[in-house]
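*Asks:* Sequence first, then the predicted structure:
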Amino acid sequence: MPFTLATWNINSVRLRAELVLKLLREEAPDILCLQECKSPVDMIPFDLFAQAGYGYWAARGQKGYNGVAILSRLPLADAGHIDWCTKGDARHVAARLENGVIIHNCYIPAGGDVPDRTVNEKFGHKLDYLTELRDHFGANRPEKSILVGDLNIAPREDDVWSHKQLLKVVSHTPIEVAHLADAQESGAWVDITRADIPEGQLYSWWSYRARDWDAADKGRRLDHIWASRDISAAGHGSRILRDARGWTQPSDHAPVFATFDL
DNA sequence: ATGTCAAGCGCAGCTTGA
């Protein structure tokens, strides 16, 4: 049974519950992975999502920061949480579908403003988080697995509006790109979005600070869908719903979609 | 470099994070 999956950094699931419902109604992915829910799990309006047909969920939350949730209209079981860097934050949750597929929903640390771990702890945290993620999937080779989320890195030159101008900007620095590549290689993860759409500029995030995000189009592809190699050929239909960035009181991220024939 | 959001705390408007 094919299923469609979307990943979206919602930047507050309570403030934007109506936008989540709009996405579920209009685009109807089978599974929606959210990041930056910024809410304890018991305050997320799962009843609203259930009324829209999404009765299954797995989530981890904390007050004010981070937070990840998987909403599904297909039966799904909580498959645990990994606390990379052991800070007790809510940056990962996994779920298992009835067909055995494991979905990892990740929110990688943004990394602060200065791309130098000697003066910016948050940048060190980001690199260390990626290293621990790499080691985890190196030791636990993923099979029948999908990893999605706001990875907070735009790895390719055509994943940013200006490669040259962003080389020293956190999210596109060579050291981050190398750490992400190491994490990807350790799990033999396939970047489904780029396997599907190998050519051309592709963005999933536009800053709130740009006065006209659409016209300026200074975007970055920070949100990703990866699949383990054994199921990567089943992935297709990738797209980014740019329109959602223009919805009323939007998230600064747009949802990324892929379909898997499994 | 600029700039705009959101949550917490707590009831105004600051701080932190992105």
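*Replies:* Cool, got the structure.
*Asks:* any idea how far the residue nearest to A:Trp206 when sequence neighbours are not counted lies from DNA strand B?
*Replies:* Computed as Cβ to Cβ, 6 or more residues apart in numbering, the closest residue to A:Trp206 that is not its neighbour in sequence is A:Trp213, at 4.0 Å. Every residue, glycine included, has its C-beta placed from N, CA and C. Between A:Trp213 and DNA strand B the distance is 9 Å, computed by Cβ to the nearest atom of the strand, to the nearest Å.
*Asks:* pretty sure A:Trp213 contacts A:Arg220?
*Replies:* No. The pair A:Trp213 / A:Arg220 is not scored as a contact, 11.7 Å apart, by Cβ atoms under 8 Å.
*Asks:* Of those two, which one has the most company?
*Replies:* The neighbour count for A:Trp213 versus A:Arg220, taken as other Cβ atoms under 10 Å, is higher for A:Arg220 (22 against 19).
*Asks:* gap between the more buried one and A:His253?
*Replies:* For A:Arg220, the distance to A:His253 equals 10 Å [Cβ to Cβ, to the nearest Å].
*Asks:* Common neighbours of these two, please.
*Replies:* Jointly contacting A:Arg220 and A:His253 under the rule Cβ atoms under 8 Å, 6 or more residues apart in numbering are A:204-205.
*Asks:* Between the two ends of stretch A:157-174, how far is it?
*Replies:* 11 Å (Cα to Cα, to the nearest Å).
*Asks:* So for it, what gets flagged as buried?
*Replies:* A:158-161, A:166, A:170-173 (16 or more other Cβ atoms under 10 Å).
*Asks:* before we move on, what SS does the residue nearest the centre of chain A have?
*Replies:* Most central in chain A under Cα atoms, centre = their mean is A:Gly149, positioned 1.2 Å from the mean C-alpha point. At A:Gly149 the chain is in strand, as set by DSSP: H, G, I helix; E, B strand; the rest coil.
*Asks:* and the residue of the stretch 51-200 of chain A found nearest DNA strand B, backbone torsions?
*Replies:* At 3.1 Å from DNA strand B, A:Gly64 is the closest residue in the stretch 51-200 of chain A, using Cβ to the nearest atom of the strand. Dihedral pair for A:Gly64: phi 90, psi -30, per degrees, to the nearest 10.
*Asks:* isn't it right next to A:Pro40, touching?
*Replies:* No. Contact criterion Cβ under 8 Å: A:Gly64 and A:Pro40 do not qualify, at 9.1 Å.
*Asks:* of these two, who's got more company?
*Replies:* Using other Cβ under 10 Å, the more surrounded residue of A:Gly64 and A:Pro40 is A:Pro40, with 15 against 10.
*Asks:* returning to what we had before: who touches both of A:Trp213 and A:Arg220?
*Replies:* Going by Cβ under 8 Å, 6+ apart, no residue sits against A:Trp213 while also sitting against A:Arg220.
*Asks:* in the stretch 1-150 of chain A, which spans are helices?
*Replies:* A:17-27, A:46-51, A:121-139 (DSSP state H, counting those that start in this stretch).
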